[in-house]
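*Asks:* Here is a sequence with its predicted model. Questions after.
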Amino acid sequence: MMEFTDRQGRGVVLEDITDENWRSVADVAPADDQRRFVAALGARYLLLSLRGGVWTSLAVRAGEEVVGHVMWAYDDEDGTHWIGGMIVNADEQGQGVGRLAVRALLRRLAALPDCREVRLSYHPDNAPAAALYKSLGFEPTGDFEDEEVVAALSAAAATTA
Ligand SMILES: CC(C)(COP(=O)(O)OP(=O)(O)OC[C@H]1O[C@@H](n2cnc3c(N)ncnc32)[C@H](O)[C@@H]1OP(=O)(O)O)[C@@H](O)C(=O)NCCC(=O)NCCS
């Protein structure tokens, strides 16, 4: 468990969306100048998950508090799993929560029997996101999705990320 502890010593875990946590997940918000990279509120992603049947939202909890949102999906066209909607509340960033949340999700996805590769995309100007994903082993595929860089990590690498 120590491995998944942020710089404040809080345990970081992913939780399903529940009657208790959905309001906090809906309120998750990036810094104002990060809204060009992601939705202004977790609510946008939460609704996409609820409506679409494609994405599955998860709450990112640090200690007692919900501090972020992340979601995943399976793309049956190319048989890859995708991560999206990663937001840590503006005042909770830089403490290790984002890295722990992505690592926890990578392990969860890699454990699925049909998982062979995990993909995600980020805006080319989003340097913090690019640095985070690169440090976990993601490599750009050369593809772009909605003007975002698509990067991939094998399931084998995701297991130990
Ligand atoms: C990207 C984001 C989720 C990272 O969450 P976080 O909790 O701040 O991340 P961490 O504290 O775990 O830091 C993880 C890594 O991100 C990178 N990083 C974080 N902040 C950074 C900054 N200001 N500048 C450069 N790199 C940064 C670093 O590589 C860092 O690793 P390090 O601390 O070992 O150097 C968060 O900044 C965020 O919510 N941003 C707005 C939404 C967004 O852009 N989401 C990603 C969409 S693809």
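*Replies:* Right, received. Where do you want to start?

*Asks:* Residue 150 - that's part of a strand, no?
*Replies:* Yes. Counting by DSSP: H, G, I helix; E, B strand; the rest coil, one finds residue 150 located in a strand.

*Asks:* For residue 142, which residues are in contact?
*Replies:* By Cβ atoms under 8 Å, 6 or more residues apart in numbering, the contact list for residue 142 reads residue 150. Placement of C-beta: from N, CA and C, glycine included.

*Asks:* Where does the chain get nearest to the ligand, which residue?
*Replies:* Proximity of the chain to the ligand (Cβ to the nearest ligand atom) peaks at residue 98, 2.1 Å away.

*Asks:* Would you check how far apart that residue and residue 143 are?
*Replies:* 23 Å (Cβ to Cβ, to the nearest Å).

*Asks:* Settle it for me: which of those two has more neighbours?
*Replies:* The neighbour count for residue 98 versus residue 143, taken as other Cβ atoms under 10 Å, is higher for residue 98 (23 against 12).

*Asks:* Name the residues that touch the longest strand along the chain?
*Replies:* Selection of the longest strand in the chain by residue count, based on DSSP state E, yields strand 65-75. Identification of contacts with strand 65-75 by Cβ under 8 Å, 6+ apart yields 14-15, 21, 24-25, 28, 42, 45-46, 48-49, 54-62, 80-89, 92, 97-98, 101-102, 105, 108-109, 114, 119.

*Asks:* Repeat that for stretch 146-159.
*Replies:* Identification of contacts with stretch 146-159 by Cβ under 8 Å, 6+ apart yields 80, 106-107, 109-111, 115-124, 130, 133-134, 136-144, 161.

*Asks:* Endpoints of that stretch, how far apart?
*Replies:* One end of stretch 146-159 to the other measures 28 Å (Cα to Cα, to the nearest Å).

*Asks:* if you look at that stretch, does any of it touch the ligand?
*Replies:* No. Using Cβ under 6 Å from any ligand atom, stretch 146-159 stays clear of the ligand, with a minimum separation of 7.5 Å.

*Asks:* you'd agree residue 107 is in a strand?
*Replies:* No. Residue 107 is assigned helix when assessed by three-state DSSP, not a strand.
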